[in-house]
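> quick check, what structure comes out for this input:
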Amino acid sequence: MKVNIYTLKGGIKDQIELPEVFNYPYRPDLIKMAVRIFQLNRVQPHGVKKGAGMKVAESWGPGHGTSKMVPRIGSISRGANLPNVRGGRAGHPPTTERVWKRRMNKKMRRLAKYSALSATAKKEMVAKRGHKFNEELTLPVVVEDSMENITKVKDAMDMLKKIGVYDDILRANEKRIRGGRGKSRGRRYKRKKSILIVVKNKENVVKGFGNLSGVDIVTPSELNAEILAPGTHAGRLTIFSESAIEDIRRWNQ
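I've put the predicted structure just below:
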């Protein structure tokens, strides 16, 4: 499959044949499995305090018309300590000694990445994910290597406008208030994911594109299923440099 190579001014420089991995079939089962494992492996190990729920309580013994096996608080009939009573300890609480890390076969993880990568070339999937872009573009968007020299935000915005994907930055710039308790725990607002930029050398690109809303910048070696399919939903709007495409072409060699 051939796609256009765009210049920084939005013109078409040439065409390029996409690597074979872009033809891999869509596998939502593998993508979801890989992304969930990435998410779960970021969970911080936690447990309950030693002695939590074990209040001062003792059994009344026989002759009270109540269960003599349930410890009770003082002279009231409220049970305590046991996991089967209100206010008692947890039955099987989490512990920090538990093995929290999830594993996934290397082959399955690699195929999930290939599947999510191939979805970036399907216009219907990118549009279904909510991204806004010029319908005349060929996906994924491939830009000449001079993009990797952009160090100013103004130049970065100008390039995105001329190519026809800047509307997606505006879409991601709209933040909304999170529902639930997270509002009071330092994560009040939620933002959407926008363009993924894949370059061979990201040292300069981070300066120009790094502060744009929802934009992520990676090298081909840093690609994985979660970056390509945030929230397990494949079809992220992606911009590649020519050198990045050539690096990906060598994956199967």
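> which residues in the stretch 51-200 of the chain form helices?
106-119, 123-128, 153-163, 166-173 (DSSP state H, counting those that start in this stretch).
> what's the most buried one of those helices?
When the helices of the stretch 51-200 of the chain are scored by mean count of other Cβ atoms under 10 Å, the highest mean neighbour count falls to helix 106-119 (a mean of 21). Just so you know, the C-beta spots here come from the backbone N, C-alpha and C atoms, and that holds for glycine as well.
> pLDDT of that one, averaged?
For helix 106-119, the mean pLDDT works out to 97.
> contact partners of it?
21-28, 30-31, 33-35, 125-126, 223-225, 228-229, 234-236, 248 (Cβ atoms under 8 Å, 6 or more residues apart in numbering).
> just the buried members of these?
Buried members of the contacts of helix 106-119, scored by 16 or more other Cβ atoms under 10 Å, are 21-22, 24, 27, 30-31, 33-35, 125-126, 223-225, 228-229, 234-236, 248.
> okay, now Met69: neighbour count?
Other residues within reach of Met69, judged by other Cβ atoms under 10 Å, total 8.
> distance of it from Lys162?
From Met69 over to Lys162 the distance is 77 Å, taken as Cβ to Cβ, to the nearest Å.
> same check on Pro25?
Taking Cβ to Cβ, one finds Pro25 at 34 Å from Lys162.
> in helices, which of the contacts of helix 106-119 appear?
Members of those lying in helices (criterion: DSSP state H): 28, 30-31, 33-35, 125-126, 225, 228, 248.
> where does the stretch 151-253 of the chain have low pLDDT?
253 (pLDDT under 70).
> just the strands in it please.
176-177, 189-190, 196-198, 216-218, 238-241 (DSSP state E, counting those that start in this stretch).
> turn these into TSV, columns for distance to Gly79 and mean neighbour count.
As requested, the strands of the stretch 151-253 of the chain are exported to TSV (distance: least, Cβ to Cβ, whole Å; neighbours: other Cβ atoms under 10 Å):
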stretch	distance to Gly79	mean neighbour count
strand 176-177	41	10
strand 189-190	42	10
strand 196-198	55	25
strand 216-218	52	19
strand 238-241	58	25
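> okay, the ones you listed in CSV with distance to His131 next?
Formatted as CSV, these follow (distance: least, Cβ to Cβ, whole Å):
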stretch, distance to His131
strand 176-177, 18
strand 189-190, 17
strand 196-198, 10
strand 216-218, 13
strand 238-241, 10
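> and Gly61, which of the ones you listed is closest to it?
Nearest to Gly61 among the strands of the stretch 151-253 of the chain is strand 176-177 (54.7 Å), distances taken as Cβ to Cβ.
> closest to Asp14 out of the strands of the stretch 151-253 of the chain?
strand 238-241 (13.7 Å).
> quick one: list the elements packing against the closest one.
If contacts are counted by 3 or more Cβ pairs under 8 Å, 6 or more residues apart in numbering; DSSP states H and E, strand 238-241 sits against strand 141-143, strand 196-198.
> include distance to Ile177 when you put these into JSON lines, please.
Output for those, formatted as JSON lines (distance: least, Cβ to Cβ, whole Å):
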{"stretch": "strand 141-143", "distance to Ile177": "32"}
{"stretch": "strand 196-198", "distance to Ile177": "26"}
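> looking at the ones you listed, spot the one closest to Gly91.
Of all the helices and strands packed on strand 238-241, strand 196-198 sits nearest to Gly91, with 43.7 Å by Cβ to Cβ.
> now that closest one, how far from the centre of its chain.
14 Å (Cα atoms, centre = their mean, to the nearest Å).
> same deal with stretch 71-78?
For stretch 71-78, the distance to the chain centre is 49 Å (Cα atoms, centre = their mean).
> what's the answer for stretch 102-119, then?
Distance, centroid of stretch 102-119 to centroid of chain: 14 Å (Cα atoms, centre = their mean).
> and stretch 201-221, by the same measure?
The answer for stretch 201-221 is 16 Å, by Cα atoms, centre = their mean.
> for Phe240, list each beta-bridge partner.
Val142, Val198 (DSSP bridges).
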